[in-house]
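Undergrad: What follows is a predicted protein model with its sequence.
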Amino acid sequence: MKKHKVKVGGTYLAKVSEKVVQVRIDGESRFGGWDATNLATKKKVRIKSAQRLRGPAVTSKAALESAAKDISKVLGIPVVVAPEAKATKQAKVETWRKEAAEKAGQPDPELDAAVKAAEEGRTAKKAKAARPKGERKGGCLDAAAKVLAEAGHPMQCKAIVEAALKKGLWHTKGQTPEATLYSALLRHIEKQGKASRFRRAKMNETRDGKVQALRGYFDLADAARKEA
């Protein structure tokens, strides 16, 4: 090639390390010739003179492969065809992204329905995860509060459970629901303290002329009974 035909930024076929490869001219070298990049290996090389350049690189892949075969036959040395330039691949990626963005901007009822269902599912999971550990047994406490409010007097857990199940205020498959309620009431009273909805009630009965304290009775706290 002639020196005046070599353009910075251009891609040419050049003989490098006994092989003809595609090179991109990056600029003039201070040592003479040009600094270039071997597009096959991505390594920097120096083209010392225009005579090392075989001509502009063919951009068509089919034409490039054909030209490489011809050059290989004439020179008797292997010719390396550079892979697709990174810039070309990047341009394709950008095109795909643009198409995807345009498609996403168009109304899609099926996609909208799927997104809405997914959002509702995530909301339900978050609500379930946010419930405290003891809330599953909160059903029996709510039922007990309603039973005691209607009764208007302290009751034992067994009687509370029987009334709650009969009224449909609570459903359980447990074998000892009164024990479940008893434990739930004690934990609630201990944890909530003065803010508890329930309190342990002192009940007595007289047997054979003696007053005996009865255990296991619960009632609504004064504040809770006022609200009820």
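TA: Yep, it's here. Numbering: from 1, shown residues only.
Undergrad: got the CA coordinates for the host helix or strand of G55 in PDB?
TA: Here G55, judged by DSSP states H and E, is contained in strand 53-56. C-alpha atoms of strand 53-56 as PDB (Å, rounded to 0.1, in the frame of the first residue of the first chain):
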ATOM      1  CA  LEU A  53      -0.200  -3.600   4.800                       C
ATOM      2  CA  ARG A  54      -1.900  -5.800   2.100                       C
ATOM      3  CA  GLY A  55      -4.900  -3.500   1.700                       C
ATOM      4  CA  PRO A  56      -8.200  -2.600   3.400                       C
END
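Undergrad: Mind giving me the packing neighbours of it?
TA: strand 11-16 (3 or more Cβ pairs under 8 Å, 6 or more residues apart in numbering; DSSP states H and E). Bear in mind the C-beta positions are built from the backbone N, C-alpha and C, glycine included.
Undergrad: moving C-terminal of the strand it packs on, what's the next helix or strand?
TA: Remark: after strand 11-16, the chain's next helix or strand is strand 19-28, criterion DSSP H and E.
Undergrad: That following strand - contacts with which helices or strands?
TA: strand 11-16, strand 34-38, strand 43-47, helix 61-75.
Undergrad: what's the least confident stretch among those?
TA: Mean pLDDT per stretch puts helix 61-75 lowest among those, at a mean of 61.
Undergrad: What are the buried residues along the strand holding G55?
TA: For strand 53-56, a neighbour-count test (16 or more other Cβ atoms under 10 Å) marks L53, R54 as buried.
Undergrad: Tell me who's in contact with A145.
TA: R197, F198, L220, A224, A228 (Cβ atoms under 8 Å, 6 or more residues apart in numbering).
Undergrad: For it, identify the helix or strand it belongs to.
TA: helix 138-151.
Undergrad: Just the CA atoms of that helix, as CSV, please.
TA: Presented in CSV, the C-alpha positions along helix 138-151 are these (Å, rounded to 0.1, in the frame of the first residue of the first chain):
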residue,chain,number,x,y,z
GLY,A,138,-54.6,-15.4,68.8
GLY,A,139,-57.8,-16.9,67.5
CYS,A,140,-58.4,-18.6,70.8
LEU,A,141,-57.7,-15.4,72.8
ASP,A,142,-60.2,-13.4,70.6
ALA,A,143,-62.8,-16.1,71.1
ALA,A,144,-62.2,-16.1,74.9
ALA,A,145,-62.6,-12.3,75.0
LYS,A,146,-65.9,-12.5,73.2
VAL,A,147,-67.2,-15.4,75.5
LEU,A,148,-66.2,-13.6,78.7
ALA,A,149,-67.7,-10.3,77.5
GLU,A,150,-71.0,-12.1,76.8
ALA,A,151,-70.9,-14.1,80.1
